[in-house]
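Chemist: Got a sequence here, can you model it:
(one chain, ligands or ions: 1)
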Amino acid sequence: MAKKLIERPGNRHFYPWPLILVSCVDEDGKPNIITIGASSVCCAHPWVIGFAMGVQQYSYELIKRTGDFGVNIPDRAQLAGADYCGGVSGRATNKFEDLGWTPQPPQEIESPLIEECPVSIECKIVQVAHLGNHDWVMGEAQVAWIDEGLLDGNRIAYDRTDPVWSFFGEYWSIGEKIADWHGAK
Ligand SMILES: Cc1cc2nc3c(=O)[nH]c(=O)nc-3n(C[C@H](O)[C@H](O)[C@H](O)COP(=O)(O)O)c2cc1C
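Modeler: Numbering: from 1, shown residues only. The predicted structure is shown next:
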């Protein structure tokens, strides 16, 4: 395989991340949403989810105050809304109202969730890594809300999901299942 050496690699040289919408709230109760392309699971027990938050983001101010955030996973049906939330600031507008979306009351945290997303997870911040122009914010999941139509028992039936993946500058769907781990049936 002929490989080219890239001297200053960046996001355009990486593979996709699942697109998430982080929900939060200001001190007057106005909810907000920030679109996040860089997210991942950090730990299984406890279940910790992390994402890259630009240090200047308005939403960062909000989650620093509450110490929590909602992780909402959009489907293709919410893609236009997700794209919108990643292009305007909640400093200037109410994105829930603009989109006609509904803040879902949380059970364990202060930040509301997004009713329209099929999966929402309530997280409390446990650690922040200061890296540069983004911090990696890690939150321990408290409870999750999952569309009953997506559940097979206690797990998500992924063939019924329609997630969006974010490559650098592009949105992609996930494609098809190609194998099981370790060849399990
Ligand atoms: C597809 C996509 C992915 C994004 N990923 C991130 C990200 O990982 N971290 C981040 O801080 N901003 C990310 N952004 C930018 C924010 O969503 C954007 O700056 C947003 O307007 C900030 O909202 P706020 O001012 O209400 O906090 C992304 C935007 C888009 C469209």
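Chemist: CA only for contacts and neighbour counts going forward, please
Modeler: OK.
Chemist: Kindly report the residues of this protein close to the ligand.
Modeler: Contacts of the chain with the ligand, taken as C-alpha under 6 Å from any ligand atom, map to 33-38, 52-54, 57-59, 83, 85-90, 166.
Chemist: Could you identify the buried members of those?
Modeler: 33-38, 52-53, 58-59, 85, 89-90, 166 (16 or more other C-alpha atoms under 10 Å).
Chemist: What's the separation between the nearest residue to residue 16 once chain neighbours are set aside and residue 15?
Modeler: Once flanking residues are discounted, residue 16 sits nearest to residue 167: 4.6 Å by C-alpha to C-alpha, 6 or more residues apart in numbering. Distance, residue 167 to residue 15, by C-alpha to C-alpha, to the nearest Å: 6 Å.
Chemist: So for those two, which sits in the more crowded spot?
Modeler: Neighbour count, other C-alpha atoms under 10 Å: between residue 167 and residue 15, residue 167 has more, with 19 against 10.
Chemist: Contacts only, for the more buried one.
Modeler: By C-alpha atoms under 8 Å, 6 or more residues apart in numbering, the contact list for residue 167 reads 12, 14-17.
Chemist: Can you tell me who it pairs with across the strands?
Modeler: Beta-bridge partners recorded for residue 167 (DSSP bridges): residue 170.
Chemist: neighbouring contacts of stretch 113-125?
Modeler: Under C-alpha under 8 Å, 6+ apart, the answer for stretch 113-125 is 23-24, 49, 67-75, 78, 101-109, 137-147.
Chemist: Restricted to strands, list these.
Modeler: 23-24, 49, 68-73, 103-104, 137-146 (DSSP state E).
Chemist: which of those count as buried?
Modeler: By 16+ other C-alpha under 10 Å, the ones in strands among the contacts of stretch 113-125 give 23-24, 49, 68-73, 103, 137-141, 146 as buried.
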